[in-house]
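>>> Could you work out the structure for the sequence below:
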Amino acid sequence: MSSPSNPPAVNPLPPVVVALFLFIMGIELIFTLGARGLVGDASAVGWRLSAIQTYSFSSDIVHWMWETGRWRLEHVMRFVTYPFVHASFTQALFVCVFVLAMGKMVAEVFGGVAMLVIFVLSGTGGALAYALIVSVSYPLVGGFPAVYGLIGAFTFLLWVKLSLVGEHQSRAFTLIAFLMGIQLIFGLVFGGTKDWVADLGGFATGFGLSFLLAPGGWARLRRLMQRD
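Model (predicted):
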């Protein structure tokens with residue numbers, strides 16, 4: 001047993017963060033083991049590709065639904081499902097690292113349910129930004145837009161903290177500026193897709209939701225509006 005004089009060496013992760021990590025990594029392990037023939041039958045090699053075709057987000061599909069007015073559940077659900085399907089084990093691993101790091105900090109302040117809401121809705125916000133701005137047919141997969149939503153919530157916490165100590169609140173955006181800069185450099189050097197649009201949309205969604213989901217968030221939002 002630990003006591004105030006003997007705190008645990010490692011702070012335990014909030015249960016919702018552990019559950020989210022296990023869910024994402026569990027899906028990835030199934031794809032990885034299936035591709036190596038360690039689980040499933042001969043069709044297991046194509047499980048990842050099949051999942052991408054079924055659960056990835058596509059701007060083309062959204063445009064088709066908008067034009068025809070046919071909002072089928074099998075396509076609408078892609079706004080929520082695509083963050084849990086990854087193109088590779090490496091992509092899923094990096095997402096899980098951010099979930100553990102950012103998810104822990106956000107859940108400890110916002111609460112587990114609010115953290116999960118931010119993760120899911122930020123993924124949706126990122127997909128919406130991708131559909132509105134990017135016209136390419138390349139599918140959107142992976143949890144980075146949702147993770148950037150957690151970064152947005154973390155940025156909100158820094159933003160509030162800096163305001164309390166009287167420092168420039170623009171410093172709170174150093175992390176997102178650094179990450180976007182890294183993506184820009186990699187894009188210029190190695191080429192790539194426009195996934196950064198979804199990432200930035202996820203960040204904006206997470207930051208915006210924080211005004212409502214943070215403890216005392218609604219009251220803080222009202223004070224800001226009254227100040228204006």
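>>> Please count neighbours and contacts with C-alpha atoms only from this point.
Will do.
>>> looking at this structure, which helix or strand is least sure?
helix 217-227 (a mean of 59; mean pLDDT, DSSP states H and E).
>>> give the contact list for the most centrally placed residue in the chain.
In the chain, the C-alpha nearest the mean C-alpha coordinate belongs to Ala146, at 1.2 Å (Cα atoms, centre = their mean). Ala146 is in contact with Pro83, Ile118, Phe119, Val120, Leu121, Ser122, Gly123, Thr124, Gly126, Asp199, Gly202, Phe203, counting by Cα atoms under 8 Å, 6 or more residues apart in numbering.
>>> Please list all residues in contact with the closest residue to it other than its chain neighbours.
Of all residues not flanking Ala146 in the chain, Gly123 sits nearest, at 4.1 Å (Cα to Cα, 6 or more residues apart in numbering). Counting by Cα under 8 Å, 6+ apart, Gly123 touches Phe79, Val80, Pro83, Gly143, Phe144, Pro145, Ala146, Val147, Gly149, Gly202.
>>> I'd like the distance from Gly123 to Phe94, if you could.
Between Gly123 and Phe94 the computed distance is 16 Å (Cα to Cα, to the nearest Å).
>>> try Leu22
Computed as Cα to Cα, the Leu22 to Phe94 distance reads 14 Å.
>>> what do you get for Gly111?
Gly111 is 23 Å from Phe94, where distance means Cα to Cα.
>>> Name the residue in these two with the higher neighbour count.
Gly111 (17 against 13; other Cα atoms under 10 Å).
>>> Ramachandran angles for that one?
phi 100, psi 150 (degrees, to the nearest 10).
>>> before we move on, what about Phe57?
Dihedral angles (degrees, to the nearest 10) for Phe57: phi -100, psi 140.
>>> Then Gly37?
When read as degrees, to the nearest 10, the backbone of Gly37 gives phi 80, psi 20.
>>> what's the answer for Val85, then?
Backbone torsions for Val85, taken as degrees, to the nearest 10, come to phi -120, psi 130.
>>> now do the one 10 residues further on
Phi and psi for Val95, reported as degrees, to the nearest 10, are phi -60, psi -40.
>>> With Lys194 instead?
The phi/psi pair for Lys194 (degrees, to the nearest 10) reads phi -100, psi 40.
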